[in-house]
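Chemist: Pasting the sequence and the predicted coordinates here, then a few questions.
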Amino acid sequence: MSDFKGRHFEGEIVLWAVRWYCRYGVSYRDLEQMMGERGVSVDHSTIYRWVQSYAPEMEKRLRWQWPTPRSTSWRVDEPYVKVRGQWAYLYRAVDKHGNTIDFYLSPTPNTAAVKRFLGKAMNGLKDWERPTVINTDKAPTYAIALAALKKEGKCPDATLHRQVKYLNNVIDADHGKLKQLIRPVRGFKTRKTAYATIKDFEVMRALRKGQASAFNITRDIRGEARIVERAFGLGASALAEVFQLVREQLDLTAA
């Protein structure tokens, strides 16, 4: 059954709107006008509902394309996100190259939240994929949570916990780019809507950083869009696209 059954617009248009909103940091009203310029008349409230419906599913379907960290040296931090007038804490982990590992939105910055996040980030990793180094700020919650995870066998005993400020420059820079996407929202209404939207912000950031480059057949922005479309069964399969690209290259060579 189609993921877009009952929608008044084709799936390509729905994904187009969701991807644009979560990739370029525009408001819903601005996106309504941008789509109007392309001949698509859709209300900003409809785009909002599309994002809430498809953003979490997009994250779920695309995460397998970068299932493991590219480095065992992690950087962990928690920027603030405003939800219903209150600050929430977006725990994030990237590797030393800036590649996204995982994220978790919590209403409180306590040891339980840190433990839940790090346990989630390490869940399913092979022994050689688990972190050898985790760099954080000097919040005591990290040390307590890591000690508990080691005791439970969820984190290697040999994992080094470092608290060196300059080493988190990589994740601080990544926070800045994510905040550019969050800024037009001007505060989320609920934690549920915040997390749903942030999931796709993170997916678009990961695609932009090339974390699914093996699946980007044309190695460009259109290739990124096709990764998303294929995840929802739209258009040709990846194999068909490869054959088409090869044919085009052979035609150019023959000419």
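Modeler: Thanks, I have it. Numbers count the residues shown, from 1 in each chain.
Chemist: Run a quick neighbour tally on residue 19.
Modeler: 23 (other C-beta atoms under 10 Å). Glycine gets a C-beta too; all of them are placed from N, C-alpha and C.
Chemist: Equivalent analysis for residue 11, please.
Modeler: 18.
Chemist: Would you confirm that it contacts residue 2?
Modeler: Yes: using C-beta atoms under 8 Å, residue 11 is in contact with residue 2, at 6.9 Å.
Chemist: Lowest-scoring secondary structure element of this protein by mean pLDDT?
Modeler: helix 238-254 (a mean of 82; mean pLDDT, DSSP states H and E).
Chemist: distance between that helix and the chain's centre?
Modeler: Remark: helix 238-254 is offset 31 Å from the chain centroid, using C-alpha atoms, centre = their mean, to the nearest Å.
Chemist: That one: which residues count as buried?
Modeler: Of the residues in helix 238-254, those with enough neighbours to count as buried (16 or more other C-beta atoms under 10 Å) are residue 241.
Chemist: Whichever strand or helix holds residue 150: what's the following helix or strand?
Modeler: Element membership of residue 150, judged by DSSP states H and E, is helix 140-151. Using DSSP H and E, the next helix or strand after helix 140-151 towards the C-terminus is strand 160-162.
Chemist: Which phi and psi values does the residue nearest to residue 13 when sequence neighbours are not counted adopt?
Modeler: Nearest non-adjacent residue to residue 13, counting by C-beta to C-beta, 6 or more residues apart in numbering: residue 40, 5.9 Å away. Backbone torsions for residue 40, taken as degrees, to the nearest 10, come to phi -110, psi 110.
Chemist: Is residue 40 in contact with residue 10, as I believe?
Modeler: No: using C-beta under 8 Å, residue 40 makes no contact with residue 10, being 9.9 Å away.
Chemist: Identify the contacts common to the two.
Modeler: When C-beta atoms under 8 Å, 6 or more residues apart in numbering defines a contact, no residue borders residue 40 and residue 10 alike.
Chemist: now the helices: where do they sit in the chain?
Modeler: Secondary structure of the chain (DSSP state H): helices at 11-24, 28-37, 44-62, 111-122, 140-151, 169-182, 191-208, 221-231, 238-254.
Chemist: As CSV, the ones you listed with distance to residue 97 would be great.
Modeler: Compiled in CSV, the helices of the chain are given as follows (distance: least, C-beta to C-beta, whole Å):
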stretch, distance to residue 97
helix 11-24, 21
helix 28-37, 31
helix 44-62, 19
helix 111-122, 16
helix 140-151, 21
helix 169-182, 8
helix 191-208, 12
helix 221-231, 19
helix 238-254, 25
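Chemist: Which of those sits closest to residue 71?
Modeler: helix 169-182 (10.5 Å; C-beta to C-beta).
Chemist: Measure how the closest one sits relative to helix 191-208, angle-wise.
Modeler: Taking axes from the mean of the first three to the mean of the last three C-alpha atoms, to 10 degrees, one finds helix 169-182 and helix 191-208 inclined to each other by 120 degrees.
Chemist: buried set for helix 169-182?
Modeler: 170-171, 174-175, 178, 181-182.
Chemist: That's all I had, so thanks and see you.
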